[in-house]
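J.: how would this look folded up:
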Amino acid sequence: MKKIYLTLALAVGLMTTSCELDIEPVGYLPTDSALETPSSFNAARATLYAALKGCVSGNSFINSTDVQSDQFNAMAGFSNTLGDMYRWDFTTQTGSFSSVYGGYQGLISQANFIIDGYAKAKPEEKPDLFPDGDNVKGTEGLKIAHSALGDAYFMRAYAIFGLLEYYSPAYSETNATQPDLGASYNLHFSENFNPASYPGRNTLEESYKQVNDDLDKAMQYVTTTGIYRSEYVTLDCIHALRARVALNKKDYVTAYKEAELVIKNTTAKYALCSSASQLVNEWYYDGMQFQYDKKYNGTSESLFTLVSSSTSDLPSATGGVYLPKQIGSTPDYIPTKDLLNLYDAKDYRRSVFFTEVSVVTSTGAAGRVQCLNKFNKEGILWLMTSKDESAEFSHMPKVFRLPEMYLIAAEAYALAPTHDLTKAAKYLNDFRKKRISGFKAVTYTDAATLLSDVKDERAREFVGEGFRFKDLKRYGMGVKRGVPQQRDLCSNPGSNTTDLNIAATDYRMLWPIPKDEVEVNKKLKQNPGY
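T.: Next up, the predicted model:
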């Protein structure tokens, strides 16, 4: 089977927003002629964003790692969606692994198409760029090409780092240069499907260097500093990704410096939500409640939101496994009691992120439980599409949010060589003041206590967003599933469900390279244990 990352469909219609299909090599354009006009660069850029949208929403990219972790229990009679991930009885042929791997490789391939196409077009050498009837005057054509190129470098960095998060071990000085632990990726677009040309895995050091090199290149061509709810990559998006990458690489000084560049950008007008109503606006309406009720203002926590406006470009639904599909049905997964207990009674998130539902399971057990309502059934995309059923549980992906920058800054300051607890506490306290009514700032005298609070805060803030499993791996922790809200409501309570306890050293804390990829590419080394 020809793999997704060695093919490219340039028409957006040939891309799947779920990134869950292998795409055969039809509809792609040769790199020596495809990018010759401003319109062709714009078309390639649109496809790039369509590919990204598929990589930041839905079951495989977001929900799979969360149900795999410690914060949710499957309900009796659930649909078995992501059941193998929840029970940890997955194999190298499990769909989530191939969907995520193929999605990121497809994004890399599309980015390479633009990068190589730009190099061949050499637009700087053409004073009257692309004279093809596009009605583009002066240097506008060059600006269009630069926008596509900057975005391509950013997306390639984002995708390579994504592969590292899912398929590589946490970075350390001892494993940085060990062979075959990093990501496998091409840096040029190729129509050659000869397995002999497939790349092997790089080292972690090489992979992280490539990510940062690509971000350096992106900085040269992305021109917008930053604006809340931006629909396109900005310089602040680059800083945010640098901060995330540096935290994972244990480069804590870079992590807090990059996070602070975003936090302190006053011209972008980012702002943390500081009430339940603002959080409702941010999550239920993707920050755009004003479109339906003029008494509301927009919220501005999101640095980068992938906007949709019709059923033809909806992101994959993320909330469908956490809420009843209709009255009388039961959700697939409900939060653990341990997760719910993390929220203070005065925490605005408690009433917004969760909702109480009466359930009766297939076994006859009944109860009232809290369900994750962060990705509610009838959000703004449902309203914008005239309440179309296909838009239920679907929300505009928020690729980067301001809260992450505050929590990265807090963690990185505490872990940096200077162990600056004053600045670490400032960012943590500043954030918690916005989330908890009447919160009193905490003074910290040791890093361990502060870091424990940061971990809990990340668990609260990012629930359902696909962060949890990656955080546990980064912390060097295993997965000990939390106490259920009501045990008899859960599916087959036992050691691989409600009582799951996976050691940090378990080989399954690292996702396997998909079986098909390893069979086709003989240079690709599988992760240990699979």
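J.: how near is Asn42 to Ile144?
T.: With distances taken as Cβ to Cβ, to the nearest Å, Asn42 is found 6 Å from Ile144. All C-beta spots, glycine's among them, are computed from the backbone N, C-alpha and C.
J.: Between those two, point out the one with more neighbours.
T.: Ile144 (22 against 15; other Cβ atoms under 10 Å).
J.: Skipping adjacent residues, who's closest to that one in space?
T.: Spatial nearest neighbour of Ile144, chain neighbours left out: Pro38 (4.4 Å); criterion: Cβ to Cβ, 6 or more residues apart in numbering.
J.: For the chain, name the helix or strand with the lowest mean pLDDT.
T.: Every helix and strand of the chain was ranked by mean pLDDT, DSSP states H and E. The lowest is helix 380-384, at a mean of 92.
J.: so who does the residue nearest in space to the middle of the chain touch?
T.: For the chain, the residue sitting closest to the mean C-alpha position, by Cα atoms, centre = their mean, is Val56 at 4.6 Å. Each residue near Val56 by Cβ atoms under 8 Å, 6 or more residues apart in numbering is listed here: Ile62, Leu306, Pro315, Pro397, Val399.
J.: Identify the residues contacting the third one.
T.: In other words, Pro315. Under the criterion of Cβ under 8 Å, 6+ apart, the neighbours of Pro315 are Thr17, Lys53, Gly54, Val56, Ser57, Gly58, Leu306, Ser308, Ser394, His395, Met396, Pro397.
J.: which of those sit farthest apart?
T.: Spanning the widest gap among the contacts of Pro315 are Gly54 and His395, at 14.4 Å by Cβ to Cβ.
J.: Pull the number of nearby residues for the residue nearest to Ile144.
T.: Residues lying near Pro38 (other Cβ under 10 Å) number 23.
J.: Looking at the contacts of Pro315, which are in helices?
T.: Using DSSP state H to define helices, the subset of the contacts of Pro315 located there is Lys53, Gly54, Gly58.
J.: Please render the residues you listed as TSV that adds neighbour count to the earlier fields.
T.: Output for those, formatted as TSV (neighbours: other Cβ atoms under 10 Å):
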residue	neighbour count
Lys53	24
Gly54	26
Gly58	26
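J.: For these, please prepare a markdown table with the additional fields distance to Ala503.
T.: Formatted as a markdown table, the entries for those read as follows, by distance: Cβ to Cβ, whole Å:
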| residue | distance to Ala503 |
| --- | --- |
| Lys53 | 36 |
| Gly54 | 33 |
| Gly58 | 29 |
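J.: hmm, back to that, now render the contacts of Pro315 as a markdown table, adding pLDDT.
T.: As requested, the contacts of Pro315 are exported to a markdown table (pLDDT from 0 to 100):
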| residue | pLDDT |
| --- | --- |
| Thr17 | 34 |
| Lys53 | 96 |
| Gly54 | 95 |
| Val56 | 97 |
| Ser57 | 95 |
| Gly58 | 95 |
| Leu306 | 96 |
| Ser308 | 90 |
| Ser394 | 93 |
| His395 | 95 |
| Met396 | 95 |
| Pro397 | 96 |
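J.: what's the closest of the ones in helices among the contacts of Pro315 to Asn265?
T.: Looking across these and measuring by Cβ to Cβ, the closest to Asn265 is Lys53, at 24.8 Å.
J.: quick one: that closest one from Leu163, how far?
T.: When distances are taken as Cβ to Cβ, Lys53 and Leu163 turn out to be 18 Å apart.
J.: same thing with Lys480?
T.: From Lys480 across to Leu163, the span is 27 Å (Cβ to Cβ).
J.: about what we covered before: which residues sit against the least confident helix or strand of the chain?
T.: Contact partners of helix 380-384, identified using Cβ under 8 Å, 6+ apart, comprise 284-286, 288-289, 291-292, 308-310, 314, 388, 391-392, 394-396.
J.: are any of those residues buried, and which?
T.: Neighbour-count burial (16 or more other Cβ atoms under 10 Å) applied to the contacts of helix 380-384 gives Tyr284, Tyr285, Asp286, Met288, Gln289, Ser308, Leu314, Ala391, Glu392, Ser394, His395, Met396.
J.: Skipping its backbone neighbours, what lies nearest the first one in space?
T.: Spatial nearest neighbour of Tyr284, excluding adjacent residues (Cβ to Cβ, 6+ apart): Asn376 at 5.1 Å.
J.: from what I can see that neighbour touches Tyr322, true?
T.: No - at 9.6 Å, Asn376 and Tyr322 do not qualify as touching, with contact defined as Cβ atoms under 8 Å.
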